[in-house]
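> Starting from these lines, generate the structure:
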Amino acid sequence: MIKKLIKTVFLLLFLTTLFLTLFAVRIPLATFAARFLFIQSKPVDSDLIFVPAGSPATRLPIAFRLYDEKFAPRIWCTTSFRTRADLSFERALGFRVDEEWIVSEAARRHRIPPDRFRILDGSQSTYNDLQLLRKELQTRTGRNIRSVIIVSDPYHLRRIAFCVRSVFGETSPLRFTYASSDPDRYIAELADPEDICTIALNEWLKLGAYHLKYGILRPVLERLPHPTAILSKALAGKSSETKKQTSPSYGMRAD
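Just a heads-up that it's a prediction; the model follows:
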């Protein structure tokens with residue numbers, strides 16, 4: 001009994017010491033984990049600058065600088081779906097203040113010609129950003145584009161690179177390069193040093209989920225019927241059953 005108690009005490013002491021040690025070095029560990037997410041890639045002269053949805057305050061200035069330096073003659077951006085908060089603000093203030101409005105207003109103030117700037121609205125995720133880009137590149141406007149600079153935050157680039165390979169394929173004729181703010185400067189300018197812990201944890205979890213959903217499990221998930229299709233089929237069956245119950249039979253009068 002005493003031996004078990006001693007083992008339990010030692011185990012608790014070990015776990016407490018381990019926890020306190022990890023807590024003390026959490027910021028250096030998170031910084032190290034975040035740096036692995038960064039991709040060193042220098043932008044080259046291209047046909048298009050593409051800015052995925054999210055964080056326009058950090059991504060648009062880089063895109064505008066590349067445009068001004070003539071790395072590419074046009075900028076395309078994706079923006080997220082409008083949220084309930086966006087709609088509430090619009091009703092209260094009388095004008096739009098969602099991401100699409102912010103992005104378009106920033107481009108207008110930077111004096112980018114409308115024919116050089118395009119917004120692809122309705123993005124739901126980083127993967128969806130690349131799907132919207134691929135769809136637009138298949139139109140008459142995008143057929144002549146052969147090279148793209150993707151602009152995002154440093155921690156976001158590895159997930160974007162995975163989505164590019166997944167959406168466009170490993171043998172795509174398109175050339176993709178990546179641009180972001182300087183990683184050291186990005187980390188130094190965080191409002192709270194603790195933020196790097198949240199950023200690293202969130203991004204690693206998302207990267208793992210993307211590799212599962214759009215990588216390992218993708219062949220299995222593609223064979224499954226879409227939830228919308230299942231719901232539509234169920235509703236159609238219920239509707240037809242209701243019609244059978246309410247429809248008059250031949251030889252009978254429906255009063």
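
> looking at the chain, which helix or strand is least sure?
helix 227-246 (a mean of 56; mean pLDDT, DSSP states H and E).

> Grab the longest helix from this structure for me.
Longest helix of the chain, by residue count under DSSP state H: helix 2-24.

> just checking, next helix/strand downstream of it?
helix 26-37 (DSSP states H and E).

> List the residues that contact the spatially most central residue of the chain.
For the chain, residue 126 is the residue whose C-alpha lies nearest the centre (CA atoms, centre = their mean; 2.3 Å). Going by CB atoms under 8 Å, 6 or more residues apart in numbering, residue 126 touches 52, 156, 159-160, 163, 210. No exception for glycine: its C-beta is placed from N, CA and C like everyone else's.

> Residue 108: which of those residues is nearest?
Nearest to residue 108 out of the contacts of residue 126 is residue 52 (CB to CB; 20.3 Å).

> show me the residues around that closest one that make contact.
Residue 52 touches 59, 77-78, 123, 126, 129-130, 150, 152, 156, 160, counting by CB under 8 Å, 6+ apart.

> ok, 10 Å please
59, 77-80, 120, 123, 125-126, 128-130, 132-133, 150-153, 156, 159-160, 163 (CB atoms under 10 Å, 6 or more residues apart in numbering).

> Against residue 58, how distant is it?
Residue 52 sits 12 Å away from residue 58, going by CB to CB, to the nearest Å.

> what's the overlap in contacts for these two?
By CB under 10 Å, 6+ apart, the residues touching both residue 52 and residue 58 are 151-153, 156.

> and residue 176, that's in a helix?
No. Assigned with DSSP: H, G, I helix; E, B strand; the rest coil, residue 176 falls outside any helix and is strand.

> Enumerate the beta-bridge partners assigned to it.
Beta bridges link residue 176 to residue 148, judged by DSSP bridges.

> quick one, what contacts it?
Going by CB under 10 Å, 6+ apart, residue 176 touches 41, 46, 50, 130, 147-150, 160-161, 164-165, 168.

> neighbour-wise, which of those residues leads?
Tallying neighbours with other CB atoms under 10 Å puts residue 150 at the head of those, with 29 neighbours.

> Assign a three-state SS to it, would you?
When the rule is three-state DSSP, residue 150 gets the label strand.

> and residue 44, how many neighbours?
12.

> All the strands of this protein, in order from the start?
Counting by DSSP state E, one finds strands in the chain at the ranges 48-51, 75-80, 117-123, 147-151, 175-179.

> Among the contacts of residue 126, which are located in helices?
Using DSSP H, the contacts of residue 126 in helices are 159-160, 163, 210.

> List the contacts of the nearest residue to residue 214 once chain neighbours are set aside.
In space, and not counting its chain neighbours, residue 214 is closest to residue 166: 4.8 Å by CB to CB, 6 or more residues apart in numbering. Applying CB under 10 Å, 6+ apart to residue 166 gives the contacts 127, 130-131, 210-211, 213-215, 218.

> Much appreciated, bye for now.
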